[in-house]
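Enquirer: Okay, sequence plus prediction incoming.
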Amino acid sequence: MHHSRMSRPNDPDDWFGESARKAAKPDEAPPLEDDWVRGEMPIAARRRAPLLATPRARQIAAGAGAVLVLVLVLWGAGVFGGGGSSPTRTHTTTTQASATTASTPARALVRPPATTLTPGSTGVEVKRLQRALAQLGYAPGRVDGSYGPATENALKRFQQANGLQPDGVLGPKTLKSLKNKLAAG
């Protein structure tokens, strides 16, 4: 069987046809589209989507923004304080005894804890202990409701100054002494 060279224009199986010779000329650019891939854009002509145009990129950006907001809120709330001995602020209130007398500063009402506590405790009762210690001049660090090393050390100083065993635990004797000192002002 003899194959004759018949000219078939635009035949994808004709490797030596006219279309291949035209593309091989150095002064002409190759066609943008292959003859056999109709309707698809050539890879070189595709454009990249803007950074936040893809749904995945938007999700990542929104997640990063949410994490940043969360960190800022927690930082503002004092979560990242470290619990060290920092100066505490005592609040004073003014009260008016009668209509004829001027306002006089008074100590803020601090409620002592209602129960005994140990290092590692957390919650409202620990905050009461921390406020009571601060009121009496024993800086427990940040009033954060966490009975950590700073609160324990402040309680040891209170115990030692009041003739109690300085173990850093708010037991029944220490609690009673703390209540008496707060009541005495």
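Expert: Thanks, I have it. Predicted model, so just to flag it, every value in this text is computed and none were measured. Numbering: from 1, shown residues only.
Enquirer: alpha carbons only for contacts and neighbour counts from here, please
Expert: Will do.
Enquirer: I'd like to know how far Arg128 sits from Arg111.
Expert: Taken as C-alpha to C-alpha, to the nearest Å, the spacing of Arg128 relative to Arg111 amounts to 6 Å.
Enquirer: Pro166 too?
Expert: In this structure, Pro166 and Arg111 are 22 Å apart, going by C-alpha to C-alpha.
Enquirer: tell me the pLDDT at Glu18?
Expert: The pLDDT attached to Glu18 in the predicted structure is 54.
Enquirer: er, Pro172 actually
Expert: 95.
Enquirer: and it, how many residues sit next to it?
Expert: Neighbouring residues of Pro172 were enumerated by other C-alpha atoms under 10 Å; the total is 12.
Enquirer: returning to that earlier point: looking at Pro166 and Arg111, which has the bigger crowd around it?
Expert: Set side by side, Pro166 and Arg111 give different neighbour counts by other C-alpha under 10 Å, the larger being at Pro166 (18 against 15).
Enquirer: Which helix or strand contains Val69?
Expert: Under DSSP states H and E, the secondary-structure element containing Val69 is helix 55-77.
Enquirer: hang on, I meant Gln159
Expert: Take DSSP H and E as the rule and Gln159 turns out to sit in helix 149-161.
Enquirer: May I have that helix as PDB, with CA atoms only?
Expert: Written as PDB, here are the backbone C-alpha positions of helix 149-161 (Å, rounded to 0.1, in the frame of the first residue of the first chain):
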ATOM      1  CA  PRO A 149       2.000  32.200  92.900                       C
ATOM      2  CA  ALA A 150       1.500  36.000  93.300                       C
ATOM      3  CA  THR A 151      -1.700  35.400  95.300                       C
ATOM      4  CA  GLU A 152      -0.100  32.700  97.400                       C
ATOM      5  CA  ASN A 153       2.900  34.900  98.200                       C
ATOM      6  CA  ALA A 154       0.700  37.800  99.200                       C
ATOM      7  CA  LEU A 155      -1.300  35.500 101.500                       C
ATOM      8  CA  LYS A 156       2.000  34.200 103.000                       C
ATOM      9  CA  ARG A 157       3.000  37.800 103.800                       C
ATOM     10  CA  PHE A 158      -0.400  38.400 105.400                       C
ATOM     11  CA  GLN A 159      -0.200  35.200 107.500                       C
ATOM     12  CA  GLN A 160       3.400  36.000 108.700                       C
ATOM     13  CA  ALA A 161       2.400  39.500 109.700                       C
END
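Enquirer: Downstream of that helix, the next helix or strand is which one?
Expert: Tracing the chain C-terminally past helix 149-161 and defining elements by DSSP H and E, one meets helix 172-184 next.
Enquirer: between that next one and helix 149-161, what angle do the directions make?
Expert: 80 degrees (axes from the mean of the first three to the mean of the last three C-alpha atoms, to 10 degrees).
Enquirer: which stretches of the protein have low pLDDT?
Expert: In the prediction, the chain carries residues with pLDDT under 70 at positions 1-53, 81-108.
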